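Asker: 3D model of this:
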Amino acid sequence: MTIDAWTFYEQYAESDRSSLSERERQVLAVCDFRQEVNSGGFDSYFRYNGGDTALTAMTALPRLLGNPWAALFGEAVALLGVPYPRSSDERAEKIDNESLDDTLAELDARFRTLEAGSNADAKLTEALSS
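Answerer: Numbering: from 1, shown residues only. Next up is the predicted model:
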């Protein structure tokens, strides 16, 4: 049975994910990333709860969507330093203090190019079904 990635995401976006499989949590983390960046760029992703799942998305991206996605995401996460700030308030403070607007805008443009040139939805749906 095929489970559409976005239908699955809508079901679990606001839910406790602890009972889900690792693969399901990874797909949801990648959906968090894509949803937030498509809605308001990397700035929004990091400032809000979507960014809470960044470390899971980082692990999943090479396998689920490929190295170009993983490289872009890794660059964005690296801007926030090590260790990755766990709270949205810490991430927002880092973005504001480091004046990252121009850099994040450039990453947003690269993200849009990846979105337009790949069928990420199909890959995520396939990952849920395998």
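
Asker: Following the chain onward from the helix or strand containing residue 41, which element is next?
Answerer: Element membership for residue 41, per DSSP states H and E: helix 22-47. Going down the chain from helix 22-47, the next helix or strand is helix 54-64, by DSSP H and E.

Asker: Could you pull up the residues touching the residue nearest to residue 56 when sequence neighbours are not counted?
Answerer: Excluding the flanking residues, the one nearest residue 56 by CB to CB, 6 or more residues apart in numbering is residue 29, at 3.8 Å. Where C-beta positions appear, they are placed from N, C-alpha and C, glycine not excepted. The contact partners of residue 29, by CB atoms under 8 Å, 6 or more residues apart in numbering, come to 53, 54, 56, 57, 60.

Asker: any idea how far residue 29 is from residue 58?
Answerer: 9 Å (CB to CB, to the nearest Å).

Asker: One more: residue 73?
Answerer: 6 Å.

Asker: So between those two, which is more surrounded?
Answerer: residue 73 (25 against 19; other CB atoms under 10 Å).

Asker: and that one, backbone torsions?
Answerer: As for residue 73, its main-chain torsions (degrees, to the nearest 10) stand at phi -60, psi -40.

Asker: Surely it is in contact with residue 33?
Answerer: Yes - the pair formed by residue 73 and residue 33 meets the contact definition of CB atoms under 8 Å, at 6.8 Å.

Asker: Mind listing the shared neighbours of the two?
Answerer: When contacts are counted by CB under 8 Å, 6+ apart, residue 73 and residue 33 have 54, 57 as shared neighbours.

Asker: Give me the distance between the residue nearest the centre of the chain and residue 27.
Answerer: When CA atoms, centre = their mean is applied to the chain, the residue found nearest the centroid is residue 33 (2.1 Å). The spacing between residue 33 and residue 27, counted by CB to CB, is 11 Å.

Asker: Good, wrapping up.
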